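Asks: Need a 3D model of the sequence below.
(3 chains)
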Amino acid sequence: MISGYDDIPFFDEDPQLSGKPPAPKEKPAGGIAARAMAARDAHRTPDYLSGLNPEQREAVETLDGPLLVLAGAGTGKTRVLTTRIAHILATGRAYPSQMLAVTFTNKAAREMKERIGLLVGGAVEGMPWLGTFHSIGVKLLRRHAELVGLRSDFSILDTDDVVRLIKQIIQAEGIDDKRWPAKQFAGMIDGWKNKGLDPAQIPEGDARAFANGKGRELYIAYQNRLKTLNACDFGDLLLHPIRLFRANPDVLAEYHQKFRYILVDEYQDTNTAQYMWLRLLAQRQKGTPQNVCCVGDDDQSIYGWRGAEVDNILRFEKDFPGARVVKLERNYRSTAHILGAAGHLIAHNEDRLGKTLFTDRKDPDDDKVVVHAAWDSEEEARAVGEEIEQLQRQKHKLNDMAILVRASFQMREFEDRFVTLGINYRVIGGPRFYERLEIRDAMAYFRLVSQPADDLAFERIVNTPKRGLGDTTIRNLHDYARARDIPMLAAASDIIETDELKPKARKALFDVVTDFRRWQSLLETMPHTDLAEQILDESGYTAMWQADKSAEGPGRLDNLKELIRSMEAFESMRGFLDHVSLVMDAEQNAELDAVSIMTLHSAKGLEFETVFLPGWEEGLFPHQRALDEGGRSGLEEERRLAYVGITRAKRRCHIWFVSNRRIHGLWQSTLPSRFLDELPEAHVEVAEVEQSYGGYGRGGYGQSRFDKQEPFQNAYSTPGWRRAQANRTEATRDNWGSRSGHAVERVGYGESGPRSRMIEGELVAKSTTSEPSKFAVGDRVFHLKFGNGNVAAIEGNKLTIDFDRAGQKRVLDGFVERK
DNA sequence: CCGGAAGCCGTTTTT
DNA sequence: CGGCTTCCGG
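Replies: Numbering: from 1, shown residues only, chains lettered A, B, ... in the order given. You can find the predicted model right below:
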């Protein structure tokens, strides 16, 4: 069971505690037994500490006072964090409930819980205050909602709700929402909240920048509206607790007393609001030590563009006087070449505390980091595909390989290629489970049942499925509700008693109101999963998808079932709603052996035996916009991103750049990234021409931009490299080896359509068997990526197809359908 | 209410 | 160029 927030009593979580915090055990009382135990413990290193290196151990054992752990990539950061917690528990310095441990993502929180569980044994039932900034914020707010003008059953709005709400507000103010898009304003509000700014505090310039000086006014209107809706946006989950603590020192003092140890992971990613939040909780009265431990890596700060303040970590020692700083630089992940390359690159940054990763690993067989050139992105994908096949032949698992791109549009080329080659892949990132239409609809039903003031939920589902409650009726109802300052559901309840609506609409609305009344009355008594199912059935929502004849229908019904199933892990509807608002992960299919494709941003924290880093070209990486908008610090963040990319690799790192890339539909020649020039020759080699340097007959482009450039002062002017340029041959045909099935997994992608973004799990072409193909030469077929074409030849399950637009390709038959 | 057509934009993403 | 959104018309 995943523990909800409301099952945990406030101060006496620990049965042993009987209402009082435990006496710290560092000074054993005078009893003989106690002294004996202390003596024994002094001579024995607990198991969990042995095996740590000296720095890690210092980070674990420095318990009193502020501590900053600068943990380089692959230096055992999570191990230190979890061991530290285990150590605090084992030495009896605090109960699990007296530790506040904050992470950025739910994934990180989950991982930490698991690993603590392994260390401490099942004894610790999670830690109630281990979670993301936001989930802990929710927990605080549920307890003290009334102090910030909310009720404790408040709703949490996601970005989509927020935009819709803002749009309404903009329109209500009589502002042209074309000229002043709600989305943009939502972004501005988010930015202000990241900085911890109330409407009164936003800079005058910002306030003027939107809608002819109405920025502040709109922000105020938005906050008022949220209050009426009894709702929070994500920013509020941080800001309300800050307000609450500032306005209620007594409440803050309770938490000061409660949290004996505070831990923050990924400190380099904290924004100003999170920083203020932390300062409030960490700054105790004079005399008591601030047991704050922040762990982070300034070299891996890659979220400046969304409000993260690297400065927080750079300034730690000033903020927390007397802080100890421990650097973890011994790397357990990568080869010396990989570390050498990454280290040399990141040394070009000025704004850093300065760390150098090292390893004892000495293996002459280790590969250097390899830089490859390709003619264009298609060739890049083809060559990467060939390398992957090569590795596969050497028995490397696809799960150990990843392609990390700067921008998601780069993924497509690789996907296309892998589909063609039959290489399994999974795409990580993008829209997720909870964002799917049917999930959001279902959630709106549940939200409205448990929080009747949630007008956004009401408006979302009042006419879904269709009930004949069109725009006119809804607008009437909306006005009616606003005029009386009551929620729309309540307004609906009133209005059906009047004759303001046409009989048909009135009846439909009556049914809706009656349904919700009934469901609300069941909320307390009926198990929430049963209720959820009943809601979806009785509302006609399930039936709506059952009646849907399109291809998506069945999938959506499956997703709804999955939603209900996932509710079982929660104790209440409320707990479940919080979970879905805050935790957006989709589960992965771990069974499937597949190459991972993701952005560099989502790769942070992961590691792979082999990493491919395509697209190292000026303009793409570093990205032009980062340079334009961020100047030097923008460039440095890009460089950190490159550093993150390289340091994901354990054994092999292959970097690519192309000479021509299609940008917004136009072919442009591109220059190799400056980051390539910043790699050290000692650890990097430039690939000789390996296999095909085809250009698919694009011989005319043979003059590469490259050849016209100033001579490179590094390896790219080597003979091998020049030969690579010269040796471009005509296209080699696709190289079909025999291989078994193929599967595509879309982790976290919702919605299907022409470009399917569904998790497909195992699918499509199961084998290379000799089973006779169900296609015949001459068949007219359709392929998802290549469009329509005619079958030209068949070998087993592989078809050669002349596509109308894409030319001749060889494709597994599972990927096409007969027209 | 649905669907075609026109227009717009074009990093990175969590909560 | 092309994908996605939005808008208007049937």
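Asks: going forward, measure contacts between C-alpha atoms and count neighbours the same way
Replies: OK.
Asks: remind me, longest strand of chain A?
Replies: strand A:649-663 (DSSP state E).
Asks: Which other helices and strands does whatever helix or strand comes next after that one contact?
Replies: Going down the chain from strand A:649-663, the next helix or strand is strand A:666-669, by DSSP states H and E. Other elements packing on strand A:666-669 under the criterion 3 or more Cα pairs under 8 Å, 6 or more residues apart in numbering; DSSP states H and E are strand A:649-663.
Asks: packing partners for the strand it packs on?
Replies: helix A:336-346, strand A:369-376, helix A:377-393, strand A:608-613, strand A:666-669.
Asks: average pLDDT across the next helix or strand after the shortest one?
Replies: Think strand A:666-669. Helices and strands here follow DSSP H and E; after strand A:666-669, the next one along the chain is helix A:674-677. The average pLDDT for helix A:674-677 rounds to 95.
Asks: next one: stretch A:775-794
Replies: On average, stretch A:775-794 scores 72.
Asks: Kindly report the same for stretch A:271-289.
Replies: Rounded mean pLDDT across stretch A:271-289 is 85.
Asks: Quick one: distance of it to the chain centre.
Replies: 27 Å (Cα atoms, centre = their mean, to the nearest Å).
Asks: Now A:Leu641. Nearest residue, chain neighbours left out?
Replies: A:Ile302 (6.1 Å; Cα to Cα, 6 or more residues apart in numbering).
Asks: ok, now which ones touch the one you found?
Replies: A:Asp269, A:His601, A:Glu637, A:Glu638, A:Arg640, A:Leu641 (Cα atoms under 8 Å, 6 or more residues apart in numbering).
Asks: picking up where we left off before, which of the helices and strands packed on strand A:649-663 sits closest to A:Ser539?
Replies: strand A:608-613 (47.0 Å; Cα to Cα).
Asks: The closest one - which strands sit beside it in the sheet, and in what orientation?
Replies: strand A:401-405 (parallel), strand A:649-663 (parallel) (DSSP bridges).
Asks: With distance to A:Asp558 and mean neighbour count added, can I get those strands in TSV?
Replies: As requested, the strands paired with strand A:608-613 are arranged in TSV below (distance: least, Cα to Cα, whole Å; neighbours: other Cα atoms under 10 Å):
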stretch	distance to A:Asp558	mean neighbour count
strand A:401-405	30	26
strand A:649-663	37	22
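Asks: Turn these into CSV, columns for distance to A:Ile346 and mean pLDDT.
Replies: Output for these, formatted as CSV (distance: least, Cα to Cα, whole Å; pLDDT from 0 to 100):
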stretch, distance to A:Ile346, mean pLDDT
strand A:401-405, 18, 97
strand A:649-663, 16, 94
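Asks: Nearest to DNA strand C, out of those?
Replies: strand A:649-663 (7.8 Å; Cα to the nearest atom of the strand).
Asks: Now do that closest one against helix A:377-393, angle only.
Replies: 160 degrees (axes from the mean of the first three to the mean of the last three Cα atoms, to 10 degrees).
Asks: Could you check how far strand A:649-663 is from the centre of its chain?
Replies: Relative to its parent chain, strand A:649-663 has a centroid offset of 23 Å by Cα atoms, centre = their mean.
Asks: likewise stretch A:334-353?
Replies: With Cα atoms, centre = their mean, you get 25 Å for stretch A:334-353.
Asks: Also stretch A:776-785?
Replies: On Cα atoms, centre = their mean, the centre of stretch A:776-785 falls 38 Å from the chain's centre.
Asks: Any chance of a markdown table for the helices and strands packed on strand A:649-663, columns mean pLDDT?
Replies: Formatted as a markdown table, the helices and strands packed on strand A:649-663 follow (pLDDT from 0 to 100):
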| stretch | mean pLDDT |
| --- | --- |
| helix A:336-346 | 96 |
| strand A:369-376 | 94 |
| helix A:377-393 | 94 |
| strand A:608-613 | 97 |
| strand A:666-669 | 86 |
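Asks: right, and those - which one's nearest DNA strand B?
Replies: strand A:666-669 (8.9 Å).
Asks: Grab the nearest non-local neighbour of the residue in chain A that DNA strand B sits nearest to.
Replies: Proximity to DNA strand B, evaluated over chain A using Cα to the nearest atom of the strand, is greatest for A:Thr105 at 3.1 Å. Among residues not flanking A:Thr105 along the chain, A:Thr132 sits closest, at 5.9 Å (Cα to Cα, 6+ apart).
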